[in-house]
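Asks: Okay, here's the prediction I keep looking at, along with the sequence it came from:
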Amino acid sequence: MNNYVNLALAYKSEGFTVIPVNSNKIPTINWTKYQKEPMSDEDIKRYFKNVHGLAMLTGGKSQVECLDIDLKNCNTGDLIDRLKAEVPKSIMKKMWVQRTPSGGYHWIFRCDKVEPNQKLANRVTSAEEKHSVYIEHFNNIKTRKNALKIASQYKSLVLLETRGGEEDKSGGYFLVAPTKGYEKVYGKLSEISIEERDQLMTICRSFNEYSEPKKNNGTFKYGHGESNPFDDFNERGDSLSLLLDAGWTSVYENESSVRLKRPGSTHSKSSALFDKDSKIFNVFSSSTDFDTNTGYNPASVFIKIEADDDTQLAYQKLKKLGYGG
């Protein structure tokens with residue numbers, strides 16, 4: 001039987017904060033105050049008796065962050081191998097790696113830069129998965145009338161996401177070994193640099209397959225229908241050339257897409273993906289003016305690059321270029 005008191009004391013000695021959880025994996029105490037101040041030895045001895053497991057706090061003073069790799073949502077079976085092939089060994093050796101009950105992994109580390117929870121990579125749901133959701137809700141009398149709507153909204157599944165927080169503010173928590181179902185694989189909880197973390201996040205975002213299209217609500221009041229220059233540029237415009245002229249470089253191209261590296265110095269192999277069919281531009285790196293995991297159509301790229309997010313200026317420039325009639 002695990003001695004969770006001793007384990008909690010050991011984590012505290014290393015500068016980390018853990019909290020007790022019950023058999024349903026729910027914290028047994030009000031833990032938010034321990035985000036800013038360590039639990040006393042007396043509290044640890046009192047709270048960790050006869051518990052079923054423990055969880056580690058993220059963010060706060062400990063600056064812990066967890067990369068959650070959800071293999072059950074991977075439909076190719078090779079996500080973990082592809083991820084390991086991309087992440088430098090110099091970063092991997094600083095990770096504390098544990099296996100989760102679902103068969104996935106947690107890569108755990110500390111960094112001076114910690115951000116709130118983020119979904120880094122999603123994949124598009126298949127037609128079969130959407131159909132399965134439809135049947136499930138159609139067979140439920142309570143959700144039958146909305147079954148089609150529910151299935152149509154089942155657009156993506158998370159592959160990679162973080163559990164984090166902010167320094168001196170509330171973060172979250174994740175369960176850790178030896179809690180039932182969690183198994184330490186290797187490593188020690190170490191610190192990575194801000195540059196290494198940025199590189200890790202960029203690599204993870206490069207696995208993203210689904211992005212919500214960026215909404216440029218301001219474009220609609222400047223033209224409609226055939227006379228709308230934004231719609232016209234989405235049809236005829238060459239946003240890839242705009243990106244290349246702005247300093248982005250092509251590092252790999254196939255029939256369906258072009259991988260690009262951002263301007264400036266970066267250790268990442270690629271920073272963004274341009275889909276040839278949809279003309280959607282999706283950025284992985286946070287070190288650009290573009291938002292990550294957001295799908296930019298050609299007009300959105302033009303507004304960003306040629307007009308510095310000024311929609312009215314972009315409208316005027318596109319009209320001068322002959323778009324919109």
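Replies: Structure received. Residues are numbered from 1 along each chain as shown.
Asks: For the lowest-mean-pLDDT helix or strand in the chain, which strands pair with it and how are they oriented?
Replies: Within the chain, no helix or strand scores below strand 212-213, which has a mean of 71 by mean pLDDT, DSSP states H and E. The strands beside strand 212-213 in its sheet (DSSP bridges) come out as strand 294-296 (parallel).
Asks: what mean pLDDT does the partner strand have?
Replies: Averaged across strand 294-296, pLDDT comes to 89.
Asks: what's it in contact with?
Replies: Under the contact criterion Cβ atoms under 8 Å, 6 or more residues apart in numbering, strand 294-296 has outside partners Ser211, Glu212, Pro213, Lys214, Ser239, Ser278, Ile280, Phe281, Asn282, Val283, Phe290, Lys304. Every residue, glycine included, has its C-beta placed from N, CA and C.
Asks: contacting residues around the first one?
Replies: Under the criterion of Cβ under 8 Å, 6+ apart, the contact list for Ser211 reads Ile280, Asn282, Asn293, Thr294, Gly295.
Asks: possible to save those as JSON lines with neighbour count?
Replies: Formatted as JSON lines, these follow (neighbours: other Cβ atoms under 10 Å):
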{"residue": "Ile280", "neighbour count": "21"}
{"residue": "Asn282", "neighbour count": "23"}
{"residue": "Asn293", "neighbour count": "17"}
{"residue": "Thr294", "neighbour count": "16"}
{"residue": "Gly295", "neighbour count": "18"}
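Asks: From these, pick the one nearest Gln118.
Replies: Asn293 (8.4 Å; Cβ to Cβ).
Asks: Can you tell me which of the contacts of Ser211 lies closest to Leu7?
Replies: Looking across the contacts of Ser211 and measuring by Cβ to Cβ, the closest to Leu7 is Asn293, at 36.3 Å.
Asks: Can you report phi and psi for that closest one?
Replies: phi 50, psi 40 (degrees, to the nearest 10).
Asks: ok, it to Leu159 distance?
Replies: 12 Å (Cβ to Cβ, to the nearest Å).
Asks: okay, and the common contacts of those two?
Replies: Leu120, Asn122, Asn208.
Asks: need the strands for the stretch 51-200 of the chain, in chain order.
Replies: For the stretch 51-200 of the chain, the strands defined by DSSP state E, counting those that start in this stretch occupy 53-57, 64-69, 96-99, 105-110, 119-124, 156-163, 173-176, 183-186.
Asks: distance of Gln316 from Asp245?
Replies: For Gln316 relative to Asp245 (Cβ to Cβ), the value is 20 Å.
Asks: Pull up the gap between Glu115 and Asp43, please.
Replies: With Cβ to Cβ as the criterion, Glu115 and Asp43 are 29 Å apart.
Asks: Have a look at those two and say which one is more surrounded.
Replies: Glu115 (16 against 13; other Cβ atoms under 10 Å).
Asks: mind checking how far the residue nearest to Val124 when sequence neighbours are not counted is from Leu157?
Replies: Residue nearest to Val124 in three dimensions, not counting chain neighbours: Tyr210, with 4.9 Å by Cβ to Cβ, 6 or more residues apart in numbering. Distance of Tyr210 to Leu157, given as Cβ to Cβ: 9 Å.
Asks: shared neighbours of the two, which are they?
Replies: The contact lists of Tyr210 and Leu157 share Asn122, Arg123, where a contact means Cβ under 8 Å, 6+ apart.
Asks: Please, where are all the helices along the stretch 1-150 of the chain?
Replies: Ranges of helices in the stretch 1-150 of the chain, per DSSP state H, counting those that start in this stretch, are 4-13, 41-47, 79-86, 89-92, 127-138, 147-152.
Asks: next one: phi and psi at Lys142?
Replies: According to degrees, to the nearest 10, Lys142 has phi -70, psi -30.
Asks: Is there a neighbour count for Leu200? I'd like the number.
Replies: Around Leu200 there are 26 residues (other Cβ under 10 Å).
Asks: residues touching it, list them.
Replies: Leu67, Val87, Ile91, Ile192.
Asks: Filter the residues you listed down to the buried ones and hand me the PyMOL line.
Replies: Selection of the buried residues among these in PyMOL, burial being defined by 16 or more other Cβ atoms under 10 Å:
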select buried, resi 67+87+91+192
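Asks: Tyr315 is in contact with Ser227, isn't it?
Replies: No - using Cβ atoms under 8 Å, Tyr315 makes no contact with Ser227, being 11.1 Å away.
Asks: Name the residue in the two with the higher neighbour count.
Replies: Between Tyr315 and Ser227, counted using other Cβ under 10 Å, Tyr315 has the larger neighbour count: 23 against 13.
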